[in-house]
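**Q** let me see the structure of the following:
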Amino acid sequence: MSTPLSKPQMIVHIQKSLNYTVFDSKWIPCSAKFVCMGNFARGTGVMQIYEVQRGDALLIKEVEKPKPIKCATFGATSIQQRHMATGDFDGNLHIWDLENSQCGLFLISYNDRWTSFGFFMTGHAFNEQDRCVCAGYDNGDIKLFDLRNMSVRWETNIKNGVCCVEFDRKDIDMNKLVATSLEGKFHVFDLRTQHPTKGFASVCEKAHKSTIWQVKHLPQNREIFMTAGGAGNLHLWKYEYPRQRCKKESNGVEVGVAGTVNLLQNVTVSTQPIASLDWNTDKRGLFLCSGFDQTVRVLIVTKLNLV
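**A** Numbering: from 1, shown residues only. Predicted coordinates for the structure are as follows:
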């Protein structure tokens, strides 16, 4: 019998107020440090590096930049280098050495700003040749681009603007994709079986009463993921596979079968939207979030090894 205490609990471990609007925050790989970025009220950008020590986050470095910084990733670097890529509101892509954050290693300038479409994510990188990019658009379109064949592999429309898309794993044969949207809904697509006309099987869940800004899968268990809403709430979900992930139609063509999603826990940590989420890859259950209340939080999720 399930009891409230037997479920995973989400506990705010550290809460740090900031003097700027924070757009993104990321754990620095293989460390107890994280980086936050955003913009000051005077219109300049800022990066701050914090270190978790004895239940507090200590500021160890702050750098001000000419342009506000929108987003960041460590996805294209090795664990040894830990170079961070950032995008700013002027359409520039920078790659930074955080040991010397005054100096950018690389810069690419674009004419368009980073707000052209909702979100994009790479995946299907299980060998040296195959790569896919999934993009979500503000008109509800989701498109899966095959970079090997330079073609659109699949597309659909979920009727609401797409805020975030994420593969459950980037470096495996495509398994699942979660797309979040306006109106508080998210969709989980099973990517293992693609029907010629029906596409991928999916399940839709009305999860929040407001926009779902972010989704992040737990690195240690790809069936568990977190969604962040516009009302400052966090929802923890688990995807359950069906007994058979595909079946044959009368004409012999295979079609996918969607599973179900179960809510494990939810908590409200703010009155403002949560703009970023990031799980720690080294410590299961430790994650970082920041929102438009100018606050960054470190939370702990318990009992993830039991669900």
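**Q** tell me which residue lies nearest the centroid of this structure.
**A** residue 216 (4.1 Å; CA atoms, centre = their mean).
**Q** that one: which element?
**A** Residue 216 is part of strand 212-218, with elements assigned from DSSP states H and E.
**Q** so what touches the following helix or strand past that strand?
**A** Note on strand 212-218: by DSSP H and E, the next helix or strand toward the C-terminus is strand 221-229. For strand 221-229, the surrounding residues in contact (CB atoms under 8 Å, 6 or more residues apart in numbering) are 166, 168-169, 175-176, 178, 180, 184, 186, 207-218, 234-241, 264, 273-277, 279, 287, 289, 304, 307. For the C-beta atoms, the positions are set from N, CA and C on the backbone; glycine is no exception.
**Q** buried subset of the residues you listed?
**A** 166, 168-169, 175-176, 178, 180, 184, 186, 207-208, 211-218, 234-239, 264, 273-277, 279, 287, 289, 304, 307 (16 or more other CB atoms under 10 Å).
**Q** how far does stretch 73-93 sit from the chain's center?
**A** In terms of CA atoms, centre = their mean, to the nearest Å, the centre of stretch 73-93 is found 15 Å from the chain centre.
**Q** so which bits of that stretch are buried?
**A** In stretch 73-93, counting by 16+ other CB under 10 Å, buried: 74, 82, 83, 84, 85, 86, 87, 88, 89, 91, 92.
**Q** residue 209 versus residue 230, what's the distance?
**A** Per CB to CB, to the nearest Å, residue 230 is found 8 Å from residue 209.
**Q** check residue 19 too.
**A** From residue 19 to residue 209 the distance is 30 Å (CB to CB).
**Q** same deal with residue 27?
**A** 29 Å.
**Q** do the same with residue 85
**A** 34 Å.
**Q** tell me, how many residues neighbour the spatially closest residue to residue 151 that is not a sequence neighbour?
**A** Residue nearest to residue 151 in three dimensions, not counting chain neighbours: residue 145, with 7.4 Å by CB to CB, 6 or more residues apart in numbering. Residue neighbour count, defined by other CB atoms under 10 Å, stands at 19 for residue 145.
**Q** can you give me phi and psi for residue 145?
**A** Backbone torsions of residue 145, given as degrees, to the nearest 10, read phi -100, psi 130.
**Q** run a quick neighbour tally on residue 171.
**A** Neighbours of residue 171 using other CB under 10 Å come to 11.
**Q** is it in a helix, a strand, or coil?
**A** Recorded secondary structure, residue 171: coil (DSSP: H, G, I helix; E, B strand; the rest coil).
**Q** how close does it get to residue 130?
**A** The value you get for residue 171 to residue 130, if CB to CB is used, is 11 Å.
**Q** any idea how far residue 278 is from residue 299?
**A** According to CB to CB, residue 299 stands 11 Å off from residue 278.
**Q** overlap in contacts of these two?
**A** Counting by CB under 8 Å, 6+ apart, the common neighbours of residue 299 and residue 278 are 287, 288, 289.
**Q** could you list every residue that touches the first one?
**A** Contacts for residue 287 (CB under 8 Å, 6+ apart) come out as 216, 226, 277, 278, 279, 280, 298, 299, 301.
**Q** so the third one touches residue 214, yeah?
**A** Yes. The pair formed by residue 277 and residue 214 meets the contact definition of CB atoms under 8 Å, at 4.6 Å.
**Q** the helices in the stretch 101-250 of the chain, which residues?
**A** For the stretch 101-250 of the chain, applying DSSP state H, counting those that start in this stretch gives no helices.
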